[in-house]
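Colleague: Provide a 3D model corresponding to the input given below.
(one chain, ligands or ions: 1)
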Amino acid sequence: MSATILRNGRVIDPANKRDEVADLLIVDGKIAEKSEVSGQKSEFEEIDVEGLIVAPGLIDMHVHLREPGFSHKETIESGARAAAAGGFTTVVCMPNTSPAADNPSTIAWIKDRAAEAACVHVLPTGAISKNLAGEELSSIGSLAQAGIVAITDDGHCVQNHEVMRRAVEYARMVGLPVLDHCQDYNLVGNGVVHEGYWSILLGLPGWPAAGEEAMIMRRMPISKRKSSSMRRRSASSDWKRSSAYFSICWCTNIARSTSSV
Ligand SMILES: [Zn+2]
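Modeller: The predicted model follows:
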């Protein structure tokens, strides 16, 4: 038996409504009561964590591990280690790799590599469209069987609403959420920063809020009719805290209210 005590950490556990400075005992990798080890001859490793937070592992819903294809930027191993260093024990990785994660064999490769090299849980997503081009659907059913947790063309936005409508239909059939990167390319143009005071001051091409908001509005009927679970992401507009939140709740509520239909 191996036992470790974390001393004087701030223990935060929202599920159990706990936020206090306390000691935490870990036996064989699991949180334990002190009574479980009383009377046993064992070496306790003590770690003073005063001033640090002790919490359940965090989950990052949007990471780029860059493999396969861009290992000069990041690898599954290095990205996972960075996640662990920040307290994240599960990450959801995006499909804009090379080749794109639009097919079961790439998903299998990511899962195998994660099993070998990642020190945190790695959950892959699959691409909505082949090669993230927004024109032809990937085989969403096969991707679901391969073990993805969502579909997204992250970094790209499907401009063709018919393609998106079909994607939402298939995702619904296999029980996957759709993570939508909302941009109207005509409005966003070559913008690199939110259009406003700072874009003017820095002389950078602006990206109008309407470029994101217009796409969200167009997605709503698709989400509504298909009773799907859609999420908007990667936003820079002022809607981030108002309308984006509204759109997420709205889509989710629609999914709930029509789930029996
Ligand atoms: Zn991204």
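
Colleague: distance of R66 from A22?
Modeller: 39 Å (Cβ to Cβ, to the nearest Å). For every residue, glycine as well, the C-beta is placed using N, CA and C.

Colleague: Looking at those two, which is more packed in?
Modeller: Between R66 and A22, counted using other Cβ atoms under 10 Å, R66 has the larger neighbour count: 20 against 13.

Colleague: The closest residue to the more buried one other than its chain neighbours: what's it in contact with?
Modeller: In space, and not counting its chain neighbours, R66 is closest to E74: 3.9 Å by Cβ to Cβ, 6 or more residues apart in numbering. Each residue near E74 by Cβ atoms under 8 Å, 6 or more residues apart in numbering is listed here: 64-67.

Colleague: ok now do the residue nearest to A210 when sequence neighbours are not counted, which residues does it touch?
Modeller: Among residues not flanking A210 along the chain, L187 sits closest, at 5.5 Å (Cβ to Cβ, 6+ apart). The contact partners of L187, by Cβ under 8 Å, 6+ apart, come to 208, 210-211, 214.

Colleague: Just give me the closest of those to S2.
Modeller: For the contacts of L187, the minimum distance to S2 (Cβ to Cβ) is 54.1 Å, reached by G211.

Colleague: quick revisit: name the element the residue nearest to A210 belongs to?
Modeller: L187 belongs to helix 185-188 when assigned by DSSP states H and E.

Colleague: The following helix or strand past that helix - contacts with which helices or strands?
Modeller: Remark: after helix 185-188, the chain's next helix or strand is strand 193-194, criterion DSSP H and E. In terms of contacts (3 or more Cβ pairs under 8 Å, 6 or more residues apart in numbering; DSSP states H and E), strand 193-194 is packed against strand 206-207.

Colleague: Helices of this protein, residue ranges please.
Modeller: Counting by DSSP state H, the chain has helices at residues 76-85, 104-117, 140-146, 161-174, 185-188, 197-202, 210-226, 243-257.

Colleague: chain center to the longest one, what's the gap?
Modeller: Looking back up the chat, that one is helix 210-226. 20 Å (Cα atoms, centre = their mean, to the nearest Å).

Colleague: Next: the shortest one.
Modeller: Mean-position distance between helix 185-188 and its chain equals 25 Å (Cα atoms, centre = their mean).

Colleague: In contact with E45, which residues?
Modeller: Counting by Cβ under 8 Å, 6+ apart, E45 touches 2-5.

Colleague: scratch that, L123
Modeller: By Cβ under 8 Å, 6+ apart, the residues touching L123 are 90-93, 148-149.

Colleague: So for I53, which of the helices of the chain sits nearest?
Modeller: helix 76-85 (13.8 Å).

Colleague: Report all helices and strands that the closest one contacts.
Modeller: strand 58-63, strand 88-93, helix 104-117.

Colleague: ok, 7 Å please
Modeller: Packing partners of helix 76-85 (3 or more Cβ pairs under 7 Å, 6 or more residues apart in numbering; DSSP states H and E): strand 58-63, helix 104-117.
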